[in-house]
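A.B. asks: Here's a sequence, model it:
(one chain, ligands or ions: 1)
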Amino acid sequence: MQRRRLMQWGAALALSPWLVRSAQASAAHAMQADAAADMPQAAALGLPRGGELPELVSLPLELKDGALNGCLAAAPLNLPLLPGGKATTFWAYNDSVPGPAIALREGDNLRIRFDNHLPQPTTVHWHGLPIPADQDGNPHDAVAPGASREYRFDLPKGSAGTYWYHPHPHGHTAEQVYRGLAGVFVVRSLDDPLAHLPERWLVLSDLKLDAQGQIAGNSDADKMDGREGQFVLVNGAWQPKLTLGVGERQRWRIWNATSARVLKLALPAHEVWLVGTDGGLIEKPRRIDYLLLPPGARAELAVTGRFAAGKPAGLLALPYARGKMMGPEQDASLPILDIAPSAALKTAALPARLRKIAPLGKPAARRLVVFSEDMANPAAMFLINGKTFDMDRMDFIGRVGAVEEWEIDNRADMDHPFHLHGTQFQVTARHDGKGWKQEPYLAWRDVVNVPPEQKVRLRFRQDLPGPRMFHCHILEHEDAGMMGTLDVRA
Ligand SMILES: [Cu+2]
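C.D. replies: All right, here's what the predicted structure looks like:
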């Protein structure tokens, strides 16, 4: 097998990084051909496209004893996706792909009964939310097949933002997400300056089917590069269509729920302002030409329908190279969503100020987080500070309420999007390989992409005690051990 050969070469040539790289390049070439052979072309599968953008289903919630109560169950689900009547088996929350949307307000208290009907242990991780560590679906708190648990937390003031939930068991996160387990979670503030805009929610996910129309397992190339399938879906549909009035301003929330794609999203025919990041609104709208959304990240946009002549009317993912070792890079624009004009509408106002974000003060602790790859060591290929994930090791000890500054230094060959649980951070500066540049605006994030030979500085505060994961959000890298634990102590 090509993979084994690659590893033997890697081991034999461990003394010469350059030789390892060239051996990898030729093995990679052979593996690309393998990967193409086991992944049929999109067109050959007959997945329908061009339908109306599906609305997300909502999770029913019942107010009882001061809490909103709901149920989530993870289970296999057969969906008749392809023509010919043969169903594709997904794993889904409440028989829905994506999972049911949860929309709450700051101050709400949520209680979710969760049932695991999967053949594997799982957890529900509430990605980005500032909730207690023991409610956050850490890999340490797995729910066994057939077992249940309750997740319970409140949404503090200031937590309005665009979040999601997905499994986080150690070693199975990528598979559970690519089989369909992911849902969105929106927290609204009581004084939302954009409440007057109609909202569209777009969940971007990746689908890879085999020749039988079933969800394909991960190839060796997927395990190394992070998985990319034939299809990028929006709310579970392939290249669906949304209508936008000429001159109409809408508020879009976009989730990158793919395992590994760094999406460089553009709307060339329209007027686009960035208004929010993972953890809610930024201070002032920023006019943008494209949005770089790494795996796991979210954004809010104010989109005005302009339908500029001669420009593609839809949402595109522009070409982006993320240093993949095996697979081909995305070297052409990928249509994600069609946009059709409806009647002309008055353009709603976009406030000049959205909210105030206070910069986090001087850090009480500074830490260095180095991403590296060791292609000669299949047992520990993706490393943080030279180590692979160990559930029983605390990598850092932090303090509740203390500001920390972390420098994420990518000394590897691929992009690795950094993610931290339990809080939102502020990126303060980025090093592009030549020098540091101050981040031009304040924003709350929980994912930041770090390309090879680049560095990012960020600050955060953890307001609750307990172990918090930090990891690469390419889910195959996370499963392979590119993860650590920050133990926050009172
Ligand atoms: Cu990674």
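
A.B. asks: Disregarding residues adjacent in the polypeptide, which is nearest to the most centrally placed residue in the chain?
C.D. replies: The central residue of the chain, meaning the one whose C-alpha is nearest the mean C-alpha position (CA atoms, centre = their mean), is residue 296 at 1.2 Å. The spatially closest residue to residue 296, leaving aside those adjacent along the chain, is residue 473, at 3.6 Å (CB to CB, 6 or more residues apart in numbering). Every C-beta, even on glycine, is put in place using the N, C-alpha and C of the backbone.

A.B. asks: Neighbours of that neighbour, how many?
C.D. replies: For residue 473, the count of nearby residues is 26 (other CB atoms under 10 Å).

A.B. asks: The one 5 residues further on now?
C.D. replies: Using other CB under 10 Å, residue 478 is surrounded by 27 other residues.

A.B. asks: tell me which element it is part of?
C.D. replies: Under the assignment given by DSSP states H and E, the secondary-structure element containing residue 478 is helix 475-479.

A.B. asks: Buried residues of the strand ranked longest in the chain, list them for me.
C.D. replies: In the chain, assigned by DSSP state E, the strand with the most residues is strand 67-79. Buried residues in strand 67-79, counted by 16 or more other CB atoms under 10 Å: 67, 68, 69, 70, 71, 72, 74, 77.

A.B. asks: so who does the second one touch?
C.D. replies: Yep, that's residue 68 we're talking about. Residues in contact with residue 68 (CB atoms under 8 Å, 6 or more residues apart in numbering) are 61, 62, 104, 108, 109, 110, 111.

A.B. asks: Check what pLDDT the closest residue to residue 132 other than its chain neighbours gets.
C.D. replies: Distance criterion CB to CB, 6+ apart; nearest residue to residue 132, sequence neighbours excluded, is residue 464 at 5.5 Å. In this prediction, residue 464 carries a pLDDT score of 98.

A.B. asks: Make a PyMOL selection of the buried ones in the contacts of residue 68.
C.D. replies: In PyMOL, a selection of the buried entries from those looks like this (16+ other CB under 10 Å):
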select buried, resi 61+104+108+110+111
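
A.B. asks: Please tell me how far residue 201 sits from the ion.
C.D. replies: Residue 201 sits 27 Å away from the ion, going by CB to the ion, to the nearest Å.

A.B. asks: hmm, back to that, tell me which helix or strand comes right after the helix holding residue 478.
C.D. replies: With DSSP H and E, the next secondary element past helix 475-479 is strand 483-489.

A.B. asks: Could you list the domains of the protein?
C.D. replies: The chain is divided into the following domains under automatic domain parsing: 2-38, 199-342, 365-489.

A.B. asks: Model confidence for whatever residue of the stretch 151-300 of the chain ends up closest to the ion, exactly?
C.D. replies: Nearest residue of the stretch 151-300 of the chain to the ion: residue 226, at 6.7 Å (CB to the ion). In this model, residue 226 is scored at 97, pLDDT.

A.B. asks: Residue 149 belongs to a strand, doesn't it?
C.D. replies: Yes. Secondary structure assignment (DSSP: H, G, I helix; E, B strand; the rest coil) places residue 149 inside a strand.

A.B. asks: how deep is the closest residue to the ion within the stretch 251-400 of the chain tucked in, by neighbour count?
C.D. replies: Residue of the stretch 251-400 of the chain nearest the ion, by CB to the ion: residue 382 (6.0 Å). The tally of other residues near residue 382 (other CB under 10 Å) stands at 28.

A.B. asks: Bridged to residue 299, which residues?
C.D. replies: For residue 299, the residues forming beta bridges with it (DSSP bridges) are residue 254.

A.B. asks: dump the residue contacts of it.
C.D. replies: When contacts are taken as CB under 8 Å, 6+ apart, residue 299 is in contact with 162, 253, 254, 274, 276, 277, 278, 291, 293.

A.B. asks: could you dump the residues you listed to TSV with secondary structure, neighbour count and distance to the ion?
C.D. replies: Conversion of the contacts of residue 299 to TSV gives the following (DSSP: H, G, I helix; E, B strand; the rest coil; neighbours: other CB atoms under 10 Å; distance: CB to the ion, whole Å):
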residue	secondary structure	neighbour count	distance to the ion
162	strand	23	22
253	strand	19	25
254	strand	24	21
274	strand	18	25
276	strand	25	25
277	strand	26	20
278	coil	25	18
291	strand	21	20
293	strand	24	16
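
A.B. asks: which parts of the stretch 301-450 of the chain sit against the ion?
C.D. replies: When proximity is defined by CB under 5 Å from the ion, the stretch 301-450 of the chain lies next to the ion at residue 416.

A.B. asks: repeat that for 8 Å
C.D. replies: Contact residues (CB under 8 Å from the ion) of the stretch 301-450 of the chain with the ion: 371, 382, 412, 414, 415, 416, 417.

A.B. asks: residues touching the first one, list them.
C.D. replies: Listed by CB under 8 Å, 6+ apart, the contact partners of residue 371 are 382-384, 408-412, 416, 418, 450, 472, 482.

A.B. asks: Throw the domains of the chain into TSV and include distance to residue 139, thanks.
C.D. replies: Compiled in TSV, the domains of the chain are given as follows (distance: least, CB to CB, whole Å):
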stretch	distance to residue 139
domain 2-38	26
domain 199-342	16
domain 365-489	6
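
A.B. asks: so how many other residues sit close to residue 484?
C.D. replies: If you count neighbours by other CB under 10 Å, residue 484 ends up with 22.

A.B. asks: follow-up on the earlier one: got JSON lines for the contacts of residue 299, with pLDDT too?
C.D. replies: Output for these, formatted as JSON lines (pLDDT from 0 to 100):
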{"residue": "162", "pLDDT": "98"}
{"residue": "253", "pLDDT": "98"}
{"residue": "254", "pLDDT": "98"}
{"residue": "274", "pLDDT": "98"}
{"residue": "276", "pLDDT": "98"}
{"residue": "277", "pLDDT": "98"}
{"residue": "278", "pLDDT": "98"}
{"residue": "291", "pLDDT": "98"}
{"residue": "293", "pLDDT": "98"}
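
A.B. asks: got CSV for those residues, with distance to residue 360 too?
C.D. replies: Below are those laid out as CSV (distance: CB to CB, whole Å):
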residue, distance to residue 360
162, 21
253, 25
254, 26
274, 21
276, 18
277, 15
278, 16
291, 24
293, 23
